[in-house]
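In: fold the following.
(2 chains)
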Amino acid sequence: MEEMGKYIGAGLACLGMLGAAVGVGNIFGSFLQGAMRNPSAAQQQFGNLIFGFAVTEALGIFSLLVALILLFVV
Amino acid sequence: MADTNPIKQFEVHELVPFEPFGLNLAFTNSSLFMVLTTVLTVILFTLAMSSRALVPNRSQSVAEIIYGFVADMLRSTAGPDALRFFPFVFTLFIFILVANMLGMFPYFPGPGLHSFTITSHLIVTVALAMLVWLTVIIYGVFKNGPKFLKLFVPSGVPAYILPFVSLIEVISFISRPISHSVRLFANMLAGHILLKVFAGFIVMLGAGLGAGGYLIGILPFAMTLGLTALEFLVAFLQAYVFAILTCIYLSDALHPGH
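Out: Okay, the predicted model is just below:
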C-alpha cells in the first residue's frame, strides 16, 4: 500500500514541471521578442536571460526532487 | 553483472577511517574530491599567474578572464563597494564550478572507479548557502544596525498592507538558503541520475538482447551523449547562478531596502 502511494505520489509530483516548462518558455520567448525589437541591446541582457532561465528551471527541478525523494528516500 | 542502479553513484565511501573521541571524521570519497578541487584550483591558478606578464600569455589570459568575469558580475549587481566580498564570491564560484566539472568524469582514476559530485549532496550545498546567508545577516546587522530591517519594508507600499508585505518579505528571506542550496543540489542530483539511467539502458539492452541489443543501444548512447553536453552546460550555469545570487544577496546586506 505504501509502495503504491509512493509511486502515485512520484508521478503526481512530476506534474509540477508543467508550470516550470511554461515559465522557461516564457523567459526565452520574451527575450527573443525583445531581441527582435532591439537587436543591438540584446547581447547585454544575455546574462539576465541565463539567470532567469536558471531560477525558473530550479522550480521544475524542485518538483523532480520531491518525486525522487518519494521514490528513493521515503 | 553490472549494477545499473542510478542512486549508487551518490554513496559516500570511507577511504581512511579516523575516529577521534567517538566522532566519525573518516576521509571519504567526498573529502577526496573536495581536496582535489582545492588542489587543482590552486595549482592551475598559481601556474597561470606565475609569469605575471603585463601582456598576458594564454593561460594567464584565461585566469584574468575568469577574474574579470566574477569582478564584473559583483560590481554590476552589488555596486563598487561590494568588491570587499570578491574573494568570497570568487572562491564560491570557482569551487562550485570545478567541483561540478570534476563530477563529470565517467571513470575517475580508472575503470571500475567513478568520480563523485560533491555538490550532489544536500549537506554540502546547504553549508555553502548557509555561509552566504549568515554572511548577509551578520554583515548587514554589523554595518547597518537596525536599518537592516529596512530590507523587509519595501518602499512605496501603502500602510494598511505593510504588515502582510513585511511578513511575506521575511518568509521569502528565510527561504533564501533553502532555495539557494536546493537549486544547486537538485540540478546536480537530477542531471547525474538522468545520465546514469540512460547509460544503464545501454547495459540493460546488451545484457538482455546480446549483440543486437548493443546495436539498438546506439539510441540511448546518443541520448547519453547529448545529456553529457547538457550536463557540462548545467554545471557551469549552476555555478554562475549560485555566484550571481550570492552577489544579489550581498547587495541586500550592503544596501538594504533599495
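
In: and for B:F221, the neighbour number?
Out: When counting by other CB atoms under 10 Å in any protein chain shown, one arrives at 16 neighbours for B:F221. (Glycine included, C-beta is placed from N, CA and C.)

In: which one is it nearest to, not counting chain neighbours?
Out: Among residues not flanking B:F221 along the chain, B:I202 sits closest, at 5.7 Å (CB to CB, 6 or more residues apart in numbering or on different chains).

In: which residues sit in contact with that neighbour?
Out: Counting by CB atoms under 8 Å, 6 or more residues apart in numbering or on different chains, B:I202 touches B:Y214, B:G217, B:P220, B:F221, B:T224.

In: check whether the second one really touches B:F201, as I assumed.
Out: This points to B:G217. Yes - between B:G217 and B:F201 a contact is recorded at 7.3 Å, counting by CB atoms under 8 Å.

In: name the helix or strand of chain B that has the lowest mean pLDDT.
Out: helix B:211-216 (a mean of 86; mean pLDDT, DSSP states H and E).

In: pull out the buried residues from that helix.
Out: Residues of helix B:211-216 classed as buried by neighbour count (16 or more other CB atoms under 10 Å in any protein chain shown): B:G213.

In: swap in stretch B:135-148?
Out: B:T135, B:V136, B:Y139, B:G140, B:N144, B:F148.

In: again with stretch B:104-124
Out: Buried residues in stretch B:104-124 (16+ other CB under 10 Å): B:M104, B:F108, B:S115, B:F116, B:T117, B:I118, B:T119, B:S120, B:H121, B:L122, B:V124.

In: tell me, how many residues neighbour B:M73?
Out: Neighbour number of B:M73 under other CB under 10 Å is 21.

In: list the contacts of it.
Out: A:G47, B:V89, B:A243, B:I244, B:C247.

In: measure it to B:L209 for me?
Out: Here the criterion is CB to CB, to the nearest Å. By it, B:M73 lies 50 Å from B:L209.

In: B:F85 touches B:L74, doesn't it?
Out: Yes - with contact defined as CB under 8 Å, B:F85 reaches B:L74; the gap is 6.8 Å.

In: so between the two, which is more surrounded?
Out: Neighbours were counted for B:F85 and for B:L74 using other CB under 10 Å; B:L74 has more, 26 against 21.

In: with that, I have no additional questions.
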